[in-house]
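>>> predicted structure and sequence below. I'll ask about it afterward.
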Amino acid sequence: MSHGRDHVERVVKLAVYIAKKEGADVEVVKKSAELHDIARDKPNHAIESAKLAREILRREGYDEAFVEKVAHCIEAHSFSSGVEPKTLEAKVLSDADKLDAIGAIGIARAFIFSGENGRSIEETIEHFEEKLLKLKDLLYTKTAKELAKERHEFLVKFYEQIKRELKFYEEI
């Protein structure tokens, strides 16, 4: 699955790594990464995931300040949620999620998502243009920007190659 448990586990690892490097609250970052996609199947999944996370964390006995810090991270993590991250922890989660969408893993996830949703190669390439190729410029932390360099370069090379191959088929 493009947004399954393996994606969440990678985002948790990336987020904790970035949090440690950047001096963010690791506990807030880790918990928000674990819960960031729990309502992935719903429209505006970031807002819905934050609502569910609040319920879960309150049931687990976390204090309200912690709950709200985590909820903000989750609300602000998504490319399309429209919520600007206001804290370092929210920026870290946003960056970790975006990093998992570029590079070789990001390419694999894009095509898995396309298979899950019946999108063609051409429609997937449009997704590259509309979102994936823009992600490196939307990162907040120095650590994520460093990690993104190689991943973005690979994404661009793949994109250019697949565009050349598709063009070939148009010309024959």
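Perfect, thanks for sending it.
>>> wait, Lys145 touches Lys136, no?
Yes: Lys145 is within contact range of Lys136, at 7.4 Å (criterion: Cβ atoms under 8 Å). In this view, the C-beta of every residue, glycine as well, is placed from N, C-alpha and C.
>>> those two: which has the busier surroundings?
In this view Lys145 and Lys136 are compared by other Cβ atoms under 10 Å, and Lys136 has more residues nearby, 20 against 15.
>>> Leu52 versus the more buried one, what's the distance?
30 Å (Cβ to Cβ, to the nearest Å).
>>> same thing with Cys73?
14 Å.
>>> ok, these two, which is more surrounded?
More neighbours surround Cys73 than the other of Cys73 and Leu52, with 32 against 16 (other Cβ under 10 Å).
>>> what sits up against stretch 16-31?
12, 15, 33, 57, 66, 69-70, 73, 88-89, 92-93, 95-96, 141-144, 147 (Cβ atoms under 8 Å, 6 or more residues apart in numbering).
>>> are any of the residues you listed buried, and which?
In terms of neighbour count (16 or more other Cβ atoms under 10 Å), the buried residues within these are 12, 15, 33, 57, 69-70, 73, 88-89, 92-93, 95-96, 141, 143-144, 147.
>>> tell me the contacts of Leu35?
Residues near Leu35 by Cβ under 8 Å, 6+ apart: 49, 52-53, 56-57, 70, 74.
>>> same check on Leu139?
Counted by Cβ under 8 Å, 6+ apart, Leu139 has contacts 94-95, 98-99, 145, 148.
>>> 7 Å - rerun?
Taking Cβ atoms under 7 Å, 6 or more residues apart in numbering, we find Leu139 in contact with 95, 98, 145, 148.
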